[in-house]
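Enquirer: Here's my sequence, what's the structure:
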Amino acid sequence: VALVTGASRGMGRAVALELAARGFEVIATMRDPHAGADLPDQAAVHGGRLRVAALDVDRPRTISIPDGLRVLVNNAGVECATLPVEAQPADDWRRVFETNVFGLVEVTRRAIPSLRAAGGGVVCNVTSASLLAPVPFYGVYRASKAAVAALDESLRAELAPLGIRVLEVLPGPIATDMLAGSE
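Expert: Residues are numbered from 1 along each chain as shown. Modelled structure (predicted):
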């Protein structure tokens with residue numbers, strides 16, 4: 001069983017379909033399940049099993065972790081206007097960190113017992129290649145992804161004895177809706 005957050009579009013959608021094609025029973029989660037209504041049929045074309053479920057990482061009551069979970073892909077994320085740090089409103093910082101850091105932490109925290117019960121598994125957190133070089137005007141986004149990278153280091157040490165691997169994926173610019181919407 002694999003759970004993918006932010007699977008309505010872009011990388012999350014592609015990852016959910018790929019995991020289904022590779023034999024995982026996938027729960028593709030997103031804020032609005034209607035956005036992924038076609039995903040089960042797309043997965044079935046390649047013999048995959050996929051269901052769509054509502055999950056908003058900013059709303060803990062929507063977070064449901066399936067039994068038998070072996071793979072968690074924390075892909076949900078947001079950006080904001082690309083402004084100099086001195087001009088970036090505090091509300092932007094709070095909104096981005098709420099989703100990109102605190103939402104990811106809450107999903108992961110809730111998934112660990114299921115992964116432990118399944119005998120181990122993988123937590124894969126999507127950060128950003130923008131962490132590898134200074135990128136002006138992306139302070140909020142980069143800081144949120146750097147926080148996840150630091151969290152991953154701690155999680156690796158905590159979860160390794162449980163047979164749970166923690167992976168970090170640092171994608172560069174990919175032609176997705178999120179990139180197209182970047183300011």
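Enquirer: Just give the number of residues close to Ala87.
Expert: Other residues within reach of Ala87, judged by other CB atoms under 10 Å, total 9. For every residue, glycine as well, the C-beta is placed using N, CA and C.
Enquirer: Which strands and helices lie in contact with the longest helix belonging to the chain?
Expert: The single longest helix within the chain, with elements called by DSSP state H, is helix 139-159. Taking 3 or more CB pairs under 8 Å, 6 or more residues apart in numbering; DSSP states H and E as the contact definition, the neighbouring helices and strands of helix 139-159 are helix 90-97, helix 104-117, strand 121-126, strand 164-169.
Enquirer: Among those, which comes closest to Val45?
Expert: Using CB to CB as the measure, strand 121-126 is the one of the helices and strands packed on helix 139-159 that comes nearest Val45, at 24.1 Å.
Enquirer: Now do that closest one: everything it contacts.
Expert: Applying CB atoms under 8 Å, 6 or more residues apart in numbering, the set of residues contacting strand 121-126 from outside is 11, 69-75, 77, 104, 108, 111, 115, 148, 151-152, 155, 159, 163-169, 171.
Enquirer: Would you mind checking these for buried ones?
Expert: Among those, those classed as buried by 16 or more other CB atoms under 10 Å are 11, 69-75, 77, 104, 108, 111, 115, 148, 151-152, 155, 159, 164-166, 168.
Enquirer: how close does Gln88 sit to Gly139?
Expert: Taking CB to CB, to the nearest Å as the measure, Gln88 and Gly139 are separated by 7 Å.
Enquirer: tell me the pLDDT at the residue lying farthest from the centre of the chain?
Expert: Computed with CA atoms, centre = their mean, the residue of the chain farthest from its C-alpha average is Glu86, at 28.4 Å. At Glu86, the model reports a pLDDT of 97.
Enquirer: again, but for Pro173
Expert: Pro173 is assigned 72 on the pLDDT scale.
Enquirer: and it, how far is that from Val135?
Expert: 11 Å.
Enquirer: who has more neighbours, those two?
Expert: For Pro173 against Val135, the residue with the higher neighbour count under other CB under 10 Å is Val135, and the figures read 14 against 10.
Enquirer: list the contacts for the more buried one?
Expert: The contact partners of Val135, taken as CB under 8 Å, 6+ apart, are Arg142.
Enquirer: Three-state assignment for it, please.
Expert: In the three-state summary, Val135 is assigned as coil, counting by DSSP: H, G, I helix; E, B strand; the rest coil.
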